[in-house]
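Undergrad: dropping a prediction and its sequence here:
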Amino acid sequence: MTNQSVIDALAALADPTRRQIFEHIADRPRAVGELAGVLPVSRPAVSQHLKVLKEAGLVLDRADGTRRIYQLDPGGLAALRDYLDGFWNRSLAAFKQAAEQTPKEK
Amino acid sequence: MQATDTSVWTTVQVDVPIEQAFKVFTEGMGTWWNADHHIIEVPLKEMIFEPHVGGRIYDLGVDGSTCVWARVLAYEPSTRLVFSWDIGLDWKIETDLSKTSEVEVRFFEDGPASTRVELEHRNLDRHGDGWESMRAGVGSANGWPALATSFGGAFAA
């Protein structure tokens, strides 16, 4: 996962309504109508939020008859934690290089 | 220290005395911090590390503006450093301090010119609902074994 797609994922979750939708989906896979039923937003608004979450790599959808069922995208979520892990690994590697290049004192 | 579901952990060995490792990590942070990871909106002039408890870590822009993204919570030369991570899920400065995580860095003397540095970034769940729901997704009984397995693999080391 690239740096930019992680930023997209973080940005997608910055919206409170999207976080709510995301939490409901984290609970268990759900259909659009079901989400609109438990949240104070219209069905088109839910669809729009789902589109953003999907583009951010956080949820996946699949067809179930005439409905679309949304579930968490395990790859996207793992990537978010992997990101910080990778971030610190790269940072410490750069730190090692800088420290070993620093002229010794005294 | 070990990674948990709300932390990440990493370590590195450097071929310098412990005092030098600590100094480069703290006051010399600007010499190694990834240039792509500054969130200040103007070009960066330098990165400032204030070396005391209560000090700030911030980016100083060329126009004199600042972006304070961390607070020094523990400063124990040359063995231990803890700083806050005041960056929110939207990748902007988090002003609600109850929603910030923290980074602990410990330095161990392996020899006269060898230092082991351990870093833990913890309390990631404090960043808010996004992280909470991720943990819920991973931990739920009917949840995501594949995800749990990949987490375990990534952080077991």
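TA: Alright, I've got the coordinates.

Undergrad: remind me which residues of chain B are low pLDDT?
TA: B:1-5, B:36-37, B:89-91, B:128-157 (pLDDT under 70).

Undergrad: so what's B:Ile57 bridging to?
TA: In this structure, B:Ile57 has the following beta-bridge partners (DSSP bridges): B:Phe49, B:Ala70.

Undergrad: identify the residues contacting it.
TA: B:29, B:47-50, B:68-72, B:83 (Cβ atoms under 8 Å, 6 or more residues apart in numbering or on different chains). Placement of C-beta: from N, CA and C, glycine included.

Undergrad: from those residues, which is closest to chain A?
TA: Comparing those against chain A with Cβ to the nearest Cβ picks out B:Met29 as the nearest, at 8.5 Å.

Undergrad: the closest one is in contact with B:Pro51, isn't it?
TA: No - with contacts counted by Cβ atoms under 8 Å, B:Met29 stays clear of B:Pro51, the gap being 10.3 Å.

Undergrad: which of those two has more neighbours?
TA: With neighbours defined as other Cβ atoms under 10 Å in any protein chain shown, B:Met29 and B:Pro51 compare such that B:Met29 has more, 19 against 14.

Undergrad: ok, back up a step: of the contacts of B:Ile57, buried ones?
TA: Of all these considered here, the ones buried according to neighbour count by 16 or more other Cβ atoms under 10 Å in any protein chain shown are B:29, B:47-50, B:69-72, B:83.

Undergrad: distance to B:Glu109 added to the residues you listed, as JSON lines?
TA: As requested, these are exported to JSON lines (distance: Cβ to Cβ, whole Å):
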{"residue": "B:Met29", "distance to B:Glu109": "21"}
{"residue": "B:Met47", "distance to B:Glu109": "26"}
{"residue": "B:Ile48", "distance to B:Glu109": "28"}
{"residue": "B:Phe49", "distance to B:Glu109": "22"}
{"residue": "B:Glu50", "distance to B:Glu109": "25"}
{"residue": "B:Trp69", "distance to B:Glu109": "30"}
{"residue": "B:Ala70", "distance to B:Glu109": "26"}
{"residue": "B:Arg71", "distance to B:Glu109": "27"}
{"residue": "B:Val72", "distance to B:Glu109": "22"}
{"residue": "B:Phe83", "distance to B:Glu109": "22"}
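
Undergrad: nearest to B:Ala35, of those residues?
TA: When the buried ones among the contacts of B:Ile57 are compared for distance to B:Ala35 (Cβ to Cβ), B:Met47 comes out closest, at 9.9 Å.

Undergrad: can you pull out the strands in chain B?
TA: For chain B, applying DSSP state E gives strands covering B:8-14, B:44-49, B:56-61, B:66-76, B:80-85, B:101-111, B:114-122.

Undergrad: what residues does B:Glu19 make contact with?
TA: Contacts here follow Cβ under 8 Å, 6+ apart; on that basis B:Glu19 touches B:77-78.

Undergrad: same question but for B:Thr79, I mixed them up
TA: Taking Cβ under 8 Å, 6+ apart as the contact definition, B:Thr79 lies against B:18, B:22, B:106-108.

Undergrad: and those, which is closest to chain A?
TA: Distance to chain A, by Cβ to the nearest Cβ, is smallest for B:Phe22 among the contacts of B:Thr79, at 9.4 Å.

Undergrad: ok, the closest one touching B:Tyr75?
TA: No - B:Phe22 is beyond contact range of B:Tyr75, at 9.8 Å (criterion: Cβ under 8 Å).

Undergrad: closest to A:Phe22 out of the strands of chain B?
TA: The stretch from the strands of chain B with the least distance to A:Phe22 (Cβ to Cβ) is strand B:101-111; that distance is 19.5 Å.

Undergrad: just the buried residues of the closest one, please?
TA: So, applying 16+ other Cβ under 10 Å, buried residues of strand B:101-111: B:101-107.

Undergrad: if I've got this straight, A:Gly57 is in a strand?
TA: No - the secondary structure assignment for A:Gly57 gives coil rather than a strand, going by DSSP: H, G, I helix; E, B strand; the rest coil.

Undergrad: per-residue confidence at it?
TA: With respect to pLDDT, A:Gly57 scores 81.
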